[in-house]
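Undergrad: this one's sequence-less:
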């Protein structure tokens, strides 16, 4: 799930997991298929959530969407009849090659769109999207297996800034934060390939239960509250749903 890469997923090296230091795996969904998350999320999720402005349509944001397979699967899971209600999903990823693939393979272009974007630098396109739809925030934001890559490449400050930015433009946030053991594995794979270590790995102060630290920040600094846990994926990662506690 790329969020902060300047390299292209088209490079031959990216077929090796350790060679994608920004999470822009060219074959990500072959080893972590969408069902790993979808099996935990009820298909009634959108209907269960309350949106005061649902008459304008429902907006979903997928952060670090990679090549789009999970975005499409998630949309079909939550909206079995696309014409039944006005639901639009916007997916973005920094890797332009992955976004091109997502655009080319998109089976629902009227309901799903993909754009290249580095969320650590600029969110203007996201605000423009909200403005076009007449909504102050996305009704549901998906941030799945993205936090570690921002954390490793932008440090503690980058992680907290990401969470704050997403909270500011979301009514609900579905978060899957990689546990610390994944950080160690990512660093080990990089060293095994003879590459330099992640710039911030050794200096990170946020360690241990990263999901818990993310929860603390969202609740104490971002006006959000944890409303539901959907359990853990087969990779032992919690799926946590947050809601804005005040508007």
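TA: Perfect, I can see it now. Please read these numbers as outputs of a predicted model, since none were measured by experiment.
Undergrad: next one: stretch 45-52 to chain centre, how far?
TA: Distance, stretch centre to chain centre, for stretch 45-52: 20 Å (C-alpha atoms, centre = their mean, to the nearest Å).
Undergrad: now it: average pLDDT?
TA: Averaged across stretch 45-52, the pLDDT comes to 84.
Undergrad: with stretch 139-159 instead?
TA: Here stretch 139-159 scores 96 as its mean pLDDT.
Undergrad: buried ones in that stretch?
TA: Using 16 or more other C-beta atoms under 10 Å as the test for burial, stretch 139-159 gives 139-155, 158-159. Any C-beta I mention is one placed from the backbone N, CA and C, and that applies to glycine too.
Undergrad: contacts only, for residue 228.
TA: By C-beta atoms under 8 Å, 6 or more residues apart in numbering, the contact set of residue 228 is 240-241.
Undergrad: which element is the residue positioned nearest the centre of the chain on?
TA: Centre of the chain computed as the mean C-alpha position; nearest residue by C-alpha atoms, centre = their mean is residue 143, 2.6 Å away. Applying DSSP states H and E as the criterion places residue 143 in strand 140-144.
Undergrad: paired strands for that strand, with orientation please.
TA: Sheet pairing here is set by DSSP bridges, and for strand 140-144 it gives strand 58-63 (parallel), strand 172-176 (parallel).
Undergrad: which residue lies farthest from the center of the protein?
TA: residue 194 (28.6 Å).
Undergrad: distance of residue 101 from residue 205?
TA: For residue 101, the distance to residue 205 equals 36 Å [C-beta to C-beta, to the nearest Å].
Undergrad: higher neighbour count, the two?
TA: Taking neighbours as other C-beta atoms under 10 Å, residue 101 and residue 205 compare with residue 101 leading, 20 against 7.
Undergrad: tell me which residues touch that one, please.
TA: 67-68.
Undergrad: output the below-cut-off pLDDT ranges for the chain.
TA: Counting by pLDDT under 70, the chain shows low-confidence ranges at 1-19, 52-55, 82-85, 246-247.
Undergrad: now do 80
TA: Along the chain, segments meeting pLDDT under 80 span 1-21, 50-56, 81-85, 194-197, 246-247.
Undergrad: can you pull out the strands in this structure?
TA: 58-63, 87-93, 112-116, 140-144, 172-176, 224-232, 238-244 (DSSP state E).
Undergrad: what angle sits between the fifth one and strand 224-232?
TA: Angle, strand 172-176 to strand 224-232, by axes from the mean of the first three to the mean of the last three C-alpha atoms, to 10 degrees: 40 degrees.
Undergrad: then the last one?
TA: For strand 238-244 against strand 224-232, the angle by the same axes, to 10 degrees is 160 degrees.
Undergrad: relative to strand 238-244, what are the paired strands and their orientations?
TA: Sheet pairing of strand 238-244 (DSSP bridges) gives strand 172-176 (antiparallel), strand 224-232 (antiparallel).
Undergrad: which parts of the longest one are buried?
TA: For strand 224-232, the buried set under the neighbour-count rule, 16+ other C-beta under 10 Å, comprises 224, 230.
Undergrad: that strand: how far from the chain's middle?
TA: Computed by C-alpha atoms, centre = their mean, the chain-centroid distance of strand 224-232 equals 16 Å.
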